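> below are the sequence and a predicted model; questions follow.
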Amino acid sequence: MARSRYPLVARQAWLPIAVTLVVAGLIWYFLALLWALPLLVLATLIAWLFRDPYRQIPSTPLGVVSPADGLVESVDTVHDPFLQRDAVRIVLAMRGGDVYTTRSPVEGKVMDMLQAAGEGEDESAAHGVWIKTDEGDDIVIVMGRGRLGNPPRCFVQCGERVGQGQRCGFINFGSRLEVYLPANSRIEIRPGSHIHAGADLLGVLVHKTDRAIS
């Protein structure tokens, strides 16, 4: 179902691709194919940049998948400024060639849409999403502005249920993301790793019963 519901190219690129192809077609018709080639190459480049491939979600109990393609910049224990708790913060840097679609790291309910209360412009422009899993774990994703200063787009709303790996946002040309996990989570990645949204695990949520069994 997920394969047929979403195209291989994000909807955000449909209009610029269509306009580019129409103009290329007119130039080809009135002049020559050679003059239209740059626009055909541009349309191909846009389609590649805005690709939205299918991702296989790992079947790991209590697993937390990456919300975005990108490079892991840091993993550290910090104070979560949104939920006022100790947490593990994972910082991801989306690169220009990474897929721009963001995904939900867990299945659960969107509890709130958060706004970072920072002093700097970049921090104040960040947008957060608080998701609570059915097991009661709280996950916070914070998305900064894109490389061109564009705000991130969020497709989910407060009170909505989301599935793990579900497409939930879009950031043109990438951005910097922060993911806050419960402090006792088992982290599966390390700084310097390049990971893919919906396909690679950030970590596994740990409960008291899990530790007792192990």
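Everything's here; your move.

> what segments of this protein are strands?
Assigned by DSSP state E, the chain shows strands spanning 63-65, 70-80, 85-93, 101-103, 108-115, 127-133, 138-143, 153-154, 161-162, 167-170, 176-182, 186-187, 194-195, 201-204.

> and those strands: which comes nearest L31?
strand 167-170 (35.5 Å; CB to CB). Glycine gets a C-beta too; all of them are placed from N, C-alpha and C.

> one step back: would you turn the strands of the chain into JSON lines with mean pLDDT, mean neighbour count and distance to V41?
Formatted as JSON lines, the strands of the chain follow (pLDDT from 0 to 100; neighbours: other CB atoms under 10 Å; distance: least, CB to CB, whole Å):
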{"stretch": "strand 63-65", "mean pLDDT": "96", "mean neighbour count": "23", "distance to V41": "34"}
{"stretch": "strand 70-80", "mean pLDDT": "94", "mean neighbour count": "15", "distance to V41": "26"}
{"stretch": "strand 85-93", "mean pLDDT": "95", "mean neighbour count": "20", "distance to V41": "28"}
{"stretch": "strand 101-103", "mean pLDDT": "92", "mean neighbour count": "26", "distance to V41": "23"}
{"stretch": "strand 108-115", "mean pLDDT": "87", "mean neighbour count": "16", "distance to V41": "39"}
{"stretch": "strand 127-133", "mean pLDDT": "90", "mean neighbour count": "20", "distance to V41": "34"}
{"stretch": "strand 138-143", "mean pLDDT": "93", "mean neighbour count": "24", "distance to V41": "31"}
{"stretch": "strand 153-154", "mean pLDDT": "84", "mean neighbour count": "18", "distance to V41": "27"}
{"stretch": "strand 161-162", "mean pLDDT": "94", "mean neighbour count": "16", "distance to V41": "37"}
{"stretch": "strand 167-170", "mean pLDDT": "88", "mean neighbour count": "21", "distance to V41": "24"}
{"stretch": "strand 176-182", "mean pLDDT": "94", "mean neighbour count": "23", "distance to V41": "30"}
{"stretch": "strand 186-187", "mean pLDDT": "94", "mean neighbour count": "15", "distance to V41": "42"}
{"stretch": "strand 194-195", "mean pLDDT": "94", "mean neighbour count": "18", "distance to V41": "27"}
{"stretch": "strand 201-204", "mean pLDDT": "95", "mean neighbour count": "20", "distance to V41": "36"}
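
> in JSON lines, list those along with distance to A36.
Shown next, in JSON lines, are the strands of the chain (distance: least, CB to CB, whole Å):
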{"stretch": "strand 63-65", "distance to A36": "41"}
{"stretch": "strand 70-80", "distance to A36": "35"}
{"stretch": "strand 85-93", "distance to A36": "36"}
{"stretch": "strand 101-103", "distance to A36": "30"}
{"stretch": "strand 108-115", "distance to A36": "44"}
{"stretch": "strand 127-133", "distance to A36": "40"}
{"stretch": "strand 138-143", "distance to A36": "37"}
{"stretch": "strand 153-154", "distance to A36": "32"}
{"stretch": "strand 161-162", "distance to A36": "43"}
{"stretch": "strand 167-170", "distance to A36": "29"}
{"stretch": "strand 176-182", "distance to A36": "38"}
{"stretch": "strand 186-187", "distance to A36": "50"}
{"stretch": "strand 194-195", "distance to A36": "36"}
{"stretch": "strand 201-204", "distance to A36": "45"}
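
> between the ones you listed, which one is closest to W48.
strand 101-103 (13.8 Å).
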